[in-house]
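> From the sequence below, what's the structure:
(one chain, ligands or ions: 1)
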Amino acid sequence: MSPPERIRFLDAMRALLGASQVLDHAADLAPYATDWRGRYHGKPLAVALPADTAQVAEVVQLCATHGVPVVPQGGNTGLVGGATPDASGAQLLLSLKRLNRIRDLSAADGVLVAEAGCVLQNVQDAAQQAGLLFPLSLAAEGSATIGGVLSTNAGGTAVLRYGNARALCLGLEVVTPQGEVWNGLSALRKDNTGYDLRDLFIGAEGTLGIITAASLQLFTQPLAQRTALALVAHAQDAVDLLQQARAALGAGLTAFELMSTHSLQLVQRHFPRLRLPLELSTPWCVLLELSDSESETHAQARLEAVLGAALEQGRVADVAVAQSLAQAQGMWALREHIPLAQAQEGLNIKHDIAVPISRMAAFVESTAELVTQALPGARLVVFGHLGDGNLHYNVQAPIEGDAAVFLARHQETCNRIVHDAAAACGGSFSAEHGVGQLKTEELLRYKSPVVLSMMRAIKTALDPHGLMNPGKVIRP
Ligand SMILES: Cc1cc2nc3c(=O)[nH]c(=O)nc-3n(C[C@H](O)[C@H](O)[C@H](O)COP(=O)(O)OP(=O)(O)OC[C@H]3O[C@@H](n4cnc5c(N)ncnc54)[C@H](O)[C@@H]3O)c2cc1C
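Model prediction:
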């Protein structure tokens, strides 16, 4: 875009949104130009802050007219660089954060309609104030937005019982790449009327259009919840404990998280105020949560019965059951601070793999051997949602030496070991974080030609000029 064209484009944008809602000074752009991990540094043409769906549509129309690519951004907490523009200075960053109204909440339908920029925690709070539950929960929930969690089809800690973001969404409102508005804000649980467009936009990471609002499913709140930590010696013991807990607790088992002792030691180092209720005497620790519809006493007795049996069988080495809400929150804080502790510890290679639960223990053990052989001194920080067959199989640079050099030299080798091992188990290189710009090569490597060609056909049909978040997910 030539300088005069750029001025005309920005003037037209200011006329649409008001001068204060179009940012183009370097200092104002900075917070939008780098991703949460600090890995990607872009240079947006400008940042546009529309206030409602109509303004989003007008911005997208203007971009279509001028051939300007659009990068949507919500809370900017994504972990694959999906919301960061490239360094060309040619892409408009479209922030959805002013679309932050909860439009409707119907207890009768069990549906809440939220705009894309609503922060996830605010949606959870609105549901709770109505005596209901919006179960999607992840450590970034204080900043992540509804548009972002749907666009990445986020998972989090309650997938085991309630499913991922896709499963919680009944309908969407979307601005298409042509700037038209599709109102698909359905409150229906059943609607088999042709291709499911909603499912196309969920997980599309902004490459097919802009989500401006969503109708979300609400659930009844459990009467009681109980949380526990259990120490296990082997990953297989954790998998066996999962089966045992499922058999005994059924749908009451709402979370089952695995954490390596090394992950928890990182948390202790960087967040010493978070107290560990157990001495870490085994390589693995499991966090379980039970939701119960009867009473606190009932919940306590059920969880203690399962864990007591596992202790007697020798499957579990030690157990701590939270006796209060504060203790339960303390256990969850340990789990949620692992990514933060990793960030404090320094550069690391993140993997977000899924494998069938039955093959998880074999995957964990054989991959650890391969990684430590290939990268001596590398530290494994393994944790995640074992109940969903999803682990963050992260590799921290050795304590000694330059972490940046380690990453530059070994990231590719490390990715190959971990992702090949997941693929060999019938798994995926991205369970819940998406593809963004970090994993576009992996998509080309691990998806079959037939899948890639269908994905490209969908992208071309909806976004023929390639203006929606170019360079993310699938390349032309
Ligand atoms: C500490 C931490 C813990 C996390 N834990 C989990 C976890 O347990 N499970 C999990 O699944 N994820 C987790 N994540 C990553 C998670 O994907 C994001 O936190 C969240 O889903 C993204 O929301 P956001 O609003 O920040 O989106 P952004 O980061 O702003 O955007 C993410 C992607 O969606 C696109 N996008 C954003 N808004 C829209 C929109 N309205 N329309 C179209 N496209 C849009 C962007 O272009 C980008 O491609 C974690 C992240 C952090 C930092």
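> Local confidence estimate at Gly156?
Gly156 is assigned a predicted lDDT (pLDDT) of 89.
> tally of neighbours for the nearest residue to it once chain neighbours are set aside?
Counting by CB to CB, 6 or more residues apart in numbering, Gly156 lies nearest to Leu138, which is 3.6 Å off, once chain neighbours are set aside. C-betas here are computed from N, CA, C, even on glycine. Leu138 is flanked by 21 other residues according to other CB atoms under 10 Å.
> so what's Leu138 up against?
In this structure, Leu138 makes contact with Leu120, Ala144, Val149, Ala154, Gly155, Gly156, Thr157, judged by CB atoms under 8 Å, 6 or more residues apart in numbering.
> Ok, Tyr32 next?
Contacts of Tyr32 (CB under 8 Å, 6+ apart): Leu23, Pro44, Val47, Gln73, Asn76, Leu93, Ser95.
> pLDDT averaged over whichever strand or helix holds it - what is it?
Using DSSP states H and E, the element containing Tyr32 is helix 26-33. In this model, helix 26-33 has an average pLDDT of 96.
> What about the ligand: which of the contacts of Leu138 touch it?
When CB under 6 Å from any ligand atom is applied, the members of those adjacent to the ligand are Ala144, Val149, Ala154, Gly155, Gly156.
> ok, so of those, who is nearest Leu105?
Val149 (18.0 Å; CB to CB).
> how close does the closest residue to the closest one other than its chain neighbours sit to Asn348?
Distances taken as CB to CB, 6+ apart place Ala165 nearest to Val149, at 4.9 Å, with adjacent residues excluded. Distance, Ala165 to Asn348, by CB to CB, to the nearest Å: 25 Å.
> who has more neighbours, the two?
Ala165 (25 against 20).
> Pull the contacting residues for that one.
Applying CB under 8 Å, 6+ apart to Ala165 gives the contacts Leu136, Val149, Leu150, Thr152, Asn153, Ala154, Gly155, Ile202.
> List only buried entries from those.
The neighbour-count test (16 or more other CB atoms under 10 Å) marks Leu136, Val149, Leu150, Thr152, Asn153, Ala154, Gly155, Ile202 as buried among these.
> can you put these in a markdown table and add distance to Ala403 and secondary structure?
Below are the buried ones among the contacts of Ala165 laid out as a markdown table (distance: CB to CB, whole Å; DSSP: H, G, I helix; E, B strand; the rest coil):
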| residue | distance to Ala403 | secondary structure |
| --- | --- | --- |
| Leu136 | 33 | coil |
| Val149 | 30 | helix |
| Leu150 | 34 | helix |
| Thr152 | 26 | coil |
| Asn153 | 31 | coil |
| Ala154 | 28 | coil |
| Gly155 | 28 | coil |
| Ile202 | 35 | coil |
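> so which of the residues you listed comes closest to Asp240?
Gly155 (22.9 Å).
> how many neighbours does Pro356 have?
By other CB under 10 Å, neighbour count at Pro356 equals 11.
> wait, isn't it in contact with Ala424?
No. Assessed by CB atoms under 8 Å, Pro356 is found out of contact with Ala424, at 11.7 Å.
> Setting aside sequence neighbours, what's the nearest residue to the residue nearest the centre of the chain?
Residue closest to the average C-alpha location in the chain (CA atoms, centre = their mean): Ala154, at 3.8 Å. In space, and not counting its chain neighbours, Ala154 is closest to Ala165: 4.9 Å by CB to CB, 6+ apart.
> Do you know the pLDDT at Pro476?
For Pro476, the predicted pLDDT is 82.
> can you tell me how far the residue nearest to it when sequence neighbours are not counted sits from Val47?
Of all residues not flanking Pro476 in the chain, Gly466 sits nearest, at 6.5 Å (CB to CB, 6+ apart). For Gly466, the distance to Val47 (CB to CB) stands at 21 Å.
> out of these two, which sits in the busier spot?
Val47 (22 against 16).
> Make sure that one is actually in contact with Leu96.
No. If you go by CB under 8 Å, Val47 and Leu96 don't touch, sitting 11.4 Å apart.
> Kindly confirm my reading that Glu279 is in a helix.
No. Assigned with DSSP: H, G, I helix; E, B strand; the rest coil, Glu279 falls outside any helix and is coil.
> Nearest residue to whatever residue of the stretch 251-400 of the chain ends up closest to the ligand in space, please, no chain neighbours.
Residue of the stretch 251-400 of the chain nearest the ligand, by CB to the nearest ligand atom: Pro339 (4.3 Å). Spatial nearest neighbour of Pro339, chain neighbours left out: Ala139 (6.2 Å); criterion: CB to CB, 6+ apart.
> secondary structure class for the one you found?
Strictly by three-state DSSP, Ala139 counts as coil.
> what pLDDT does it get?
At Ala139, pLDDT is 90.
> can you give me the strands for the stretch 101-250 of the chain?
Assigned by DSSP state E, counting those that start in this stretch, the stretch 101-250 of the chain shows strands spanning 102-106, 111-115, 132-133, 169-175, 181-184, 210-217, 219-220, 224-232.
> Tell me the strands beside the first one, with direction?
For strand 102-106, the pairing partners within the sheet under DSSP bridges are strand 111-115 (antiparallel).
> what's the angle between the strand it pairs with and strand 210-217?
160 degrees (axes from the mean of the first three to the mean of the last three CA atoms, to 10 degrees).
> do you know how far the residue in the stretch 201-350 of the chain that the ligand sits nearest to is from Leu92?
Nearest residue of the stretch 201-350 of the chain to the ligand (CB to the nearest ligand atom) works out as Gly206 at 3.0 Å. Going from Gly206 to Leu92 by CB to CB gives 12 Å.
> Now do the shared contacts for those two.
Shared contacts of Gly206 and Leu92, counting by CB under 8 Å, 6+ apart, come down to Val70, Val71.
> returning to what we had before: for the buried ones among the contacts of Ala165, give me a markdown table that also has distance to Asn390.
Formatted as a markdown table, the buried ones among the contacts of Ala165 follow (distance: CB to CB, whole Å):
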| residue | distance to Asn390 |
| --- | --- |
| Leu136 | 15 |
| Val149 | 15 |
| Leu150 | 18 |
| Thr152 | 14 |
| Asn153 | 12 |
| Ala154 | 12 |
| Gly155 | 6 |
| Ile202 | 17 |
